[in-house]
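*Asks:* structural data only, the sequence is not supplied:
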């Protein structure tokens, strides 16, 4: 169980890093948007590439931080009975939700996204605008970042749940199903 707990810690650290990296894209997004507004109002100039960069940063923010959000229990959940459950029963709910809902959804997203992403890479798809960013293939690849980071965090949630169910909850940092402080 100790090795599994260490594996979970590594996954958690990876998603913690990805989440913090993605959070900086929010700062960059605001600064870039401010720059676009200044360029438009002060100089009556615009740049399609800079405007398109907002889409890239926005995508990185949401797709790159999905695993981080799962790590910190930030995804929306319908909490009718869950908050009153014991730690062990929460672990059962988390394990079932991960296995029955999260993993199949991620599998479907990945399965249907791969040909789409592959086709984009084969032609090194770029912007439809001549002066835009010619990195659409990288933008589409963020879908895989979402799938992989969220899948890894799902593994961590599942293993954490199994550790709690097995009665070794002292190996798990924090409480399952409760927002991290």
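*Replies:* Right, received. Where do you want to start? Source: prediction; values computed, not measured. Residues are numbered from 1 along each chain as shown.
*Asks:* and residue 62, what does it touch?
*Replies:* residue 22 (C-beta atoms under 8 Å, 6 or more residues apart in numbering). In this view, the C-beta of every residue, glycine as well, is placed from N, C-alpha and C.
*Asks:* what residue, apart from its backbone neighbours, is nearest residue 59 spatially?
*Replies:* Excluding the flanking residues, the one nearest residue 59 by C-beta to C-beta, 6 or more residues apart in numbering is residue 142, at 5.0 Å.
*Asks:* any idea how far residue 123 is from the most centrally placed residue in the chain?
*Replies:* Nearest residue to the geometric centre of the chain (C-alpha atoms, centre = their mean): residue 66, 1.9 Å. Using C-beta to C-beta, to the nearest Å, residue 66 is found at 27 Å from residue 123.
*Asks:* gap between residue 116 and residue 122?
*Replies:* Residue 116 is 11 Å from residue 122, by C-beta to C-beta.
*Asks:* what's the single longest helix in the chain?
*Replies:* helix 2-43 (DSSP state H).
*Asks:* report all helices and strands that that helix contacts.
*Replies:* helix 48-64, helix 66-71, helix 136-165 (3 or more C-beta pairs under 8 Å, 6 or more residues apart in numbering; DSSP states H and E).
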